[in-house]
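>>> Got a predicted structure here, sequence first:
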Amino acid sequence: MSLLRLYQHAISWVEHHSPGPDKFDHTYLGLAIWLGAAMLGRRPLRSGTPILVLAAFELANETMDRLTVGRWIWHDTLGDVAATLFWPICLCFLLRTRRVRA
């Protein structure tokens, strides 16, 4: 099975088992990848490293989407990126500012 076909199968499975729209999937998986990158890398959540790991995963995901569809669908791609990165970036910023105040 090719990597692209395996990716399509995995995405279909996630979408089928998800109770909401795909933006919820991006939000939840983005938070999970961000937390996982911090834990596995033993980096604090306020560090930029887990955000960069998440951004790399999202770039790979959107590239695979583009290869699957055959073209960029910009409104969908930008919405996916925003849904994936929004809460981790907000929480990272909050953790950084709270540390400075303390």
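Arrived safely.
>>> Can you identify the element that follows the helix or strand hosting Ala32 toward the C-terminus?
Using DSSP states H and E, Ala32 maps to helix 22-41. Heading C-terminal from helix 22-41, the first helix or strand you meet, by DSSP H and E, is helix 49-69.
>>> From the contact counts, what lies against that next one?
Applying 3 or more Cβ pairs under 8 Å, 6 or more residues apart in numbering; DSSP states H and E, we find helix 49-69 packed against helix 3-16, helix 22-41, helix 74-101. (Glycine included, C-beta is placed from N, CA and C.)
>>> Adding mean pLDDT, mean neighbour count and distance to Val53, write those helices out as TSV.
Converted to TSV, the helices and strands packed on helix 49-69 look like this (pLDDT from 0 to 100; neighbours: other Cβ atoms under 10 Å; distance: least, Cβ to Cβ, whole Å):
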stretch	mean pLDDT	mean neighbour count	distance to Val53
helix 3-16	89	12	19
helix 22-41	95	17	4
helix 74-101	91	14	10
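>>> will you turn those into a markdown table that also has distance to Ala55?
Formatted as a markdown table, the helices and strands packed on helix 49-69 follow (distance: least, Cβ to Cβ, whole Å):
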| stretch | distance to Ala55 |
| --- | --- |
| helix 3-16 | 19 |
| helix 22-41 | 10 |
| helix 74-101 | 7 |
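>>> Ok, which of these comes nearest Ala60?
helix 3-16 (9.6 Å; Cβ to Cβ).
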